[in-house]
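Colleague: predicted model, plus sequence, below.
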Amino acid sequence: QVQLVESGGGLVQAGGSLRLSCAASGRSFSGYAMGWFRQAPGKEREFVSAISWSGGTTLYADSVKGRFTISRDNAKNTVYLQMSTLKPEDRAVYYCARSLNGLVGRTTRTYDYWGQGTQVTVSA
């Protein structure tokens with residue numbers, strides 16, 4: 001059974017920072033690319049960022065490029081999303097997901113396992 005557990009969400013003022021974490025159960029992490037997505041109320045789930053197994057390849061949505069940084073610690077089976085200069089439009093539930101294979105991707109179809117999500121709220 002693959003388990004992904006996000007944490008680190010919360011309420012922050014615009015311009016502030018948060019770091020999200022996603023802890024994966026043992027063998028479900030090794031060798032897989034990982035991604036972060038978000039879903040705001042009334043909107044579809046959208047791609048935020050992704051990282052390859054080695055960490056050598058990263059992708060970002062244009063809306064977060066330069067403000068968010070994805071990283072991973074394979075020894076801890078954890079992927080992170082450092083979010084800075086947060087804006088009210090960043091408000092959403094953030095989900096981490098495991099790629100179907102070793103490839104990073106921008107679509108939900110690329111990912112087969114999802115966490116339960118963590119809420120991020122940014123006040124103006």
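Modeller: Structure received. Numbering: from 1, shown residues only.
Colleague: could you use CA atoms for every contact and neighbour count after this?
Modeller: Will do.
Colleague: report the central residue of this structure.
Modeller: Centroid-nearest residue in the chain: residue 36, 2.4 Å away (criterion: CA atoms, centre = their mean).
Colleague: quick check: phi and psi at that one.
Modeller: phi -120, psi 140 (degrees, to the nearest 10).
Colleague: and for residue 79?
Modeller: Taking degrees, to the nearest 10, you get phi -120, psi 140 for the backbone angles of residue 79.
Colleague: that one and residue 119, how far apart?
Modeller: Counting by CA to CA, to the nearest Å, the separation of residue 79 from residue 119 is 17 Å.
Colleague: what of residue 22?
Modeller: In this view, residue 22 and residue 119 are 13 Å apart by CA to CA.
Colleague: do the same with residue 93
Modeller: Distance, residue 93 to residue 119, by CA to CA: 4 Å.
Colleague: show me what secondary structure element comes after the worst-scoring helix or strand of the chain on mean pLDDT.
Modeller: None of the helices or strands of the chain scores lower by mean pLDDT, DSSP states H and E than strand 111-114, at a mean of 94. Going down the chain from strand 111-114, the next helix or strand is strand 118-123, by DSSP states H and E.
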